[in-house]
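# my questions concern the predicted model and sequence given below.
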Amino acid sequence: MLAAVLSAWLQYAADGQPHVRALVTQTCPPVTFDGGTAPMEQRAGTSPGFDDVVCDTAIPPNVSNIRVENVRLPAPASNPRTVVVFGDTGCRMKDEEQQNCGDIADWPFPKIAQTIAAVRPDLLVHVGDYYYRESNCMKIMKACVNRWGDTSLSWDADWFWPARPLFATAPLVLARGNHEECARGGAGWFRYLDGSGTMPRCTANGLDGTPPWAVSFDGLRLVLSDSAADPSDTKPTPARIAFYENSFRRAQQLADGATGDVWFVTHRPPYVNMNETQALLALDWQMAPFDLILAGHVHDFEAINLARYAPIVINGEGGDDLDDAGEASKEIGAVTNNGHKVYTFAKPAPYSTKQFGFAVYTKTEGGWNISLRDVDGIERRACVFTKGTVSCP
């Protein structure tokens, strides 16, 4: 008898290995693949607000034809040549800030997910912010009434239902966003998507944050750094500075020995955040040996080169209300320490754009081409990352 599989996907976890995760109604089913079967273990049972069971198991990195009951999943990535980067995808429902979650023009992530799937990428990288339904929507918006709060209904509406085409297409690397901090969607994040082997829990008055981890492919290593919980992007907080110092030290260790490209993946752009900036200054660290920083948090696309620091690309156009183009660049240019500017822009000058969509990173002999795509998959700008510089001519 088949188990009722509500959703299933393949993601890389904090052990650096591909894991199959599934949502079911009762008992965890096995995972089958060419040459073997792996039993799934229960990661989380039902609890108040969450009426599904979460199952998980690691699988070998070189298998194919992966199935959870009748749901077929993509194979793990070995040498990703096409990587789609996107983020900030949920539908905003908070007090008077309301998107119409049933209108593709107002909340286009369901359409964006279908368009990304049509690209057939080797790997998907989400830079954080999945859950946005923090308060009930207006009653006239029938598609979202009573689907709010950190519950399975909200997570299904914001992520599991619209992202289903992605789950069938490619494995995922998932960063935690500030909407997944413990004060917001933390319970759902740790239950469903966090990479830890055992499910962490949010604790009152605890320091909210998990250690960095890495996943390595042929020619590419990604180091994931948790920047979700932060009291302020502009005011220094000693405990958070110390947290980032420890995280950055660990990230450096995880980057050691990498061959090929090494990318630092996080949610908050570290050069915008005051606590991360103070940690970088305390360590006298310019993000080397990382070639590129990937982030979200600001809801636009920005490609920014800085003197002495690794370049950063912000991919925050995945569905939530857009910000003004260039907002991160303006904030980076204004960051000071004891009255002195910390960051200096390098050539080419920052490029930014404000339009819903995603970015396709394609490996080339000398670096990566970055194709900005709109909701329909039409290229709206072609950028290039090579030799430590990102340009959008």
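Structure received.
# angles on the backbone of residue 157, please.
phi -70, psi -40 (degrees, to the nearest 10).
# equivalent analysis for residue 333, please.
Dihedral angles (degrees, to the nearest 10) for residue 333: phi -70, psi -20.
# so what's it up against?
By Cβ atoms under 8 Å, 6 or more residues apart in numbering, the contact set of residue 333 is 341, 343, 345. Every C-beta, even on glycine, is put in place using the N, C-alpha and C of the backbone.
# any of these buried? List them.
The neighbour count (16 or more other Cβ atoms under 10 Å) marks residue 343 as buried among these.
# and of the contacts of residue 333, the nearest to residue 187?
residue 343 (35.7 Å; Cβ to Cβ).
# and residue 324, how many neighbours does it have?
Look at residue 324: counted by other Cβ atoms under 10 Å, it has 11 neighbours.
# what does residue 252 give?
Counted by other Cβ under 10 Å, the residues lying close to residue 252 total 17.
# tell me the pLDDT of it.
On pLDDT, residue 252 comes in at 97.
# next step: the contacts of residue 333 restricted to strands.
In strands, judged by DSSP state E, the following of the contacts of residue 333 are found: residue 341.
# could the contacts of residue 333 go into a markdown table alongside pLDDT and distance to residue 123?
A markdown table is the format used below for the contacts of residue 333 (pLDDT from 0 to 100; distance: Cβ to Cβ, whole Å):
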| residue | pLDDT | distance to residue 123 |
| --- | --- | --- |
| 341 | 96 | 36 |
| 343 | 98 | 30 |
| 345 | 98 | 30 |
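# could the contacts of residue 333 go into a markdown table alongside distance to residue 305?
Output for the contacts of residue 333, formatted as a markdown table (distance: Cβ to Cβ, whole Å):
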| residue | distance to residue 305 |
| --- | --- |
| 341 | 16 |
| 343 | 10 |
| 345 | 7 |
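# with the contacts of residue 333 in mind, which one is nearest to residue 42?
residue 343 (46.2 Å).
# I figured that closest one hits residue 272, correct?
No - counting by Cβ atoms under 8 Å, residue 343 stays clear of residue 272, with 9.6 Å between them.
# so for those two, which residues contact both of them?
332, 335.
# what's the first helix or strand after the lowest-mean-pLDDT helix or strand in the chain?
The weakest-scoring helix or strand in the chain, judged by mean pLDDT, DSSP states H and E, is strand 97-98 (a mean of 87). Where DSSP states H and E defines the elements, the next helix or strand beyond strand 97-98 is helix 109-119.
# in the stretch 151-300 of the chain, what residue spans correspond to helices?
152-155, 164-167, 186-192, 238-255, 274-283 (DSSP state H, counting those that start in this stretch).
# do I have it right that residue 19 meets residue 61?
No - the pair residue 19 / residue 61 is not scored as a contact, 10.8 Å apart, by Cβ under 8 Å.
# still on that earlier bit, of the contacts of residue 333, which is the nearest to residue 304?
Using Cβ to Cβ, the contacts of residue 333 come closest to residue 304 at residue 345, 7.2 Å.
# and the closest one, what does it touch?
Contact partners of residue 345, counting by Cβ under 8 Å, 6+ apart, are 304-307, 329, 332-333.
# taking these, please make a ChimeraX selection of just the buried ones.
Restricted to buried positions by 16+ other Cβ under 10 Å, the ChimeraX selection for the contacts of residue 345 reads:
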select :304,305,306,329,332,333
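# want to throw the contacts of residue 345 into TSV with pLDDT?
Shown next, in TSV, are these (pLDDT from 0 to 100):
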residue	pLDDT
304	98
305	98
306	98
307	97
329	97
332	97
333	95
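# how long is stretch 116-133 from one end to the other?
23 Å (Cα to Cα, to the nearest Å).
# same check, this time on stretch 328-344
Per Cα to Cα, stretch 328-344 runs 14 Å from first to last residue.
# renumber starting at 30 from here on
Okay, using 30 as the starting number, the last item reads as stretch 357-373.
# buried ones in that stretch?
357-358, 360-362, 364, 371-372.
# now residue 373. Nearest residue, chain neighbours left out?
Setting aside the residues directly before and after it, residue 373 is nearest to residue 336 in space (Cβ to Cβ, 6 or more residues apart in numbering), at 4.3 Å.
# looking at the contacts of residue 374, point me to the pair that's furthest apart.
336 and 358 (14.2 Å).
# tell me the confidence at residue 168?
69.
# which residues touch the residue lying closest to residue 195 once chain neighbours are set aside?
Leaving aside its sequence neighbours, residue 195 sits nearest to residue 142 (Cβ to Cβ, 6+ apart; 5.3 Å). Going by Cβ under 8 Å, 6+ apart, residue 142 touches 191-195.
# buried among the residues you listed? Make that a ChimeraX selection.
Selecting only the buried entries of these in ChimeraX, with 16+ other Cβ under 10 Å as the criterion:
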select :191,192,193,195
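# where does pLDDT dip in this structure?
Residue ranges of the chain with pLDDT under 70: 30-31, 168-169, 171-172, 174-175.
# what's the domain layout of it?
For the chain, automatic domain parsing gives the domain ranges 30-103, 106-420.
# where does the last one sit relative to the chain's centre, distance-wise?
This means domain 106-420. 5 Å (Cα atoms, centre = their mean, to the nearest Å).
# so for that domain, first residue to last residue, what's the gap.
For domain 106-420, the first and last residues are 27 Å from each other (Cα to Cα).
# sorry, back to before: nearest to residue 421, of the contacts of residue 142?
residue 195 (25.4 Å).
# quick revisit: out of residue 48 and residue 90, which sits in the more crowded spot?
Neighbour count, other Cβ under 10 Å: between residue 48 and residue 90, residue 48 has more, with 22 against 16.
# helix or strand for that one, which one?
Per DSSP H and E: strand 47-53 holds residue 48.
# neighbouring strands - and their directions - for that strand?
Looking at strand 47-53 with DSSP bridges, its partner strands are strand 34-41 (antiparallel), strand 82-87 (antiparallel).
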